[in-house]
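Visitor: Need the 3D shape of this:
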Amino acid sequence: MTIDRAGLAEFLRRRRESLQPEDVGLPRGQRRRTRGLRREEVAALCHMSTDYYARLERERGPRTSEQMIASIAQGLHLSLDERDHLFRLAGHVPPARGADSEHISPGLLRVLDRLDDTPAEIVTELGETLRQTRLGVALTGDLTGFSGPARSIGYRWFTDPGTRCRYAPEEHEFLTRVFVSGLRAVATLRGPGSRAADYAELLLAESEEFRQVWEEHEIGIRPREVKHFLHPEVGALELTCQTLLDPDQSHSLLVYTAVPGSESHEKLRLLSVLGSQALR
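Guide: Model prediction:
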């Protein structure tokens with residue numbers, strides 16, 4: 001496929017101008033004269049340099065990679081149809097839709113953008129964290145930097161001892177059953193050759209604990225609404241988890257809250273001030 005540089009530039013410009021800072025979780029600031037977002041704001045949202053993005057709007061620059069186009073589509077809060085259009089303008093075949101898609105819907109992103117004072121994350125059906133709020137990172141650490149199977153918390157649960165340190169020890173046995181049951185359900189739903197089936201095969205080869213629980217053939221073990229975290233700095237937290245599901249993409253927005261006035265509520269307020277830095 002060939003690049004439509006003029007069409008790509010015009011589409012990016014129009015989408016940028018249609019967005020306001022508050023649409024993407026940014027402060028408006030004073031003396032704002034730009035129509036829509038500034039180029040540097042879009043570049044930051046897309047994790048690229050301002051110069052690189054500006055060249056695209058000016059019909060210049062090298063052929064953009066699929067990874068970069070995906071980042072632009074997410075940064076501009078594009079719908080799936082808009083994302084696919086952007087890929088074609090850039091000379092690429094659009095990614096597949098559905099369970100394996102990592103493109104977060106604009107609506108789910110808008111909700112997440114408004115939760116800056118709340119721990120929250122968007123995850124796939126395999127427990128791969130795609131996006132976190134600032135306080136979400138402070139609560140569980142940055143979960144978006146993993147690669148390969150380790151992106152899934154269900155995989156890390158059995159292969160990375162550090163994963164369990166964030167959860168109360170009395171919850172470990174139950175969470176083990178939750179992760180195995182959940183992976184079995186997704187692997188059955190998606191079928192042989194799916195990522196879920198691949199993860200199951202890997203864990204069967206790598207973890208004796210996983211093999212033992214897998215042989216029980218449990219299904220439908222649901223996560224509890226109240227979760228008990230063990231933070232390395234502020235200690236135990238009891239949080240309620242509410243879930244908002246995007247059925248088209250099989251993504252879930254998880255929001256963690258504490259009962260007002262409780263000890264956990266005060267600890268969340270402390271984490272909000274400190275962010276992800278360690279207490280000293």
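
Visitor: In CSV, please show the C-alpha coordinates belonging to the longest strand along the chain.
Guide: What stands out as the longest strand in the chain, according to DSSP state E, is strand 235-246. What follows is strand 235-246, C-alpha atoms only, in CSV (Å, rounded to 0.1, in the frame of the first residue of the first chain):
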residue,chain,number,x,y,z
GLY,A,235,1.2,-1.4,54.0
ALA,A,236,-2.2,-3.2,53.8
LEU,A,237,-5.0,-1.7,51.7
GLU,A,238,-8.6,-2.9,51.4
LEU,A,239,-10.0,-1.6,48.1
THR,A,240,-13.3,-2.2,46.2
CYS,A,241,-12.8,-2.9,42.5
GLN,A,242,-15.5,-1.8,40.0
THR,A,243,-15.3,-3.0,36.4
LEU,A,244,-16.5,-1.3,33.2
LEU,A,245,-16.4,-3.7,30.2
ASP,A,246,-16.0,-2.8,26.6
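
Visitor: Show me the contact partners of the following helix or strand past that strand.
Guide: Using DSSP states H and E, the helix or strand that directly follows strand 235-246 along the chain is strand 251-257. Residues from elsewhere that reach strand 251-257 (CB atoms under 8 Å, 6 or more residues apart in numbering): 104-105, 108, 111-112, 115, 118-125, 130, 136, 139, 227, 239-246. Yep, even glycine has a C-beta here, placed from its N, CA and C like the rest.

Visitor: which helices and strands sit right next to the helix or strand hosting residue 11?
Guide: Using DSSP H and E, residue 11 falls within helix 5-18. Here helix 5-18 touches helix 50-57, helix 80-89, going by 3 or more CB pairs under 8 Å, 6 or more residues apart in numbering; DSSP states H and E.

Visitor: Go through those and name the closest to residue 270.
Guide: helix 50-57 (35.4 Å; CB to CB).

Visitor: how distant is the helix or strand just after the closest one from the center of its chain?
Guide: For helix 50-57, the succeeding helix or strand toward the C-terminus, using DSSP H and E, is helix 66-75. The chain centroid and the centroid of helix 66-75 are separated by 14 Å, computed with CA atoms, centre = their mean, to the nearest Å.

Visitor: Which strands and helices lie in contact with helix 66-75?
Guide: helix 80-89.

Visitor: Would you mind listing the buried residues in the helix or strand following the helix it packs on?
Guide: Counting by DSSP H and E, the next helix or strand C-terminal to helix 80-89 is helix 106-113. By 16 or more other CB atoms under 10 Å, the buried positions in helix 106-113 come out as 106, 108, 109, 112, 113.

Visitor: is it true that the fourth one touches residue 123?
Guide: No - assessed by CB atoms under 8 Å, residue 112 is found out of contact with residue 123, at 11.4 Å.

Visitor: Residues in contact with the strand or helix carrying residue 40: which ones?
Guide: Per DSSP H and E, residue 40 falls inside helix 39-45. Helix 39-45 has contacts (CB under 8 Å, 6+ apart) with 16, 21, 24, 26, 49, 50, 52, 53, 54, 57, 75, 76.

Visitor: Quick one: buried ones out of those residues?
Guide: Buried by 16+ other CB under 10 Å: 16, 21, 24, 26, 53, 54, 57, 75, 76, out of these.

Visitor: Can you check what pLDDT the model gives the fifth one?
Guide: Spelled out, it's residue 53. Residue 53 is assigned 95 on the pLDDT scale.
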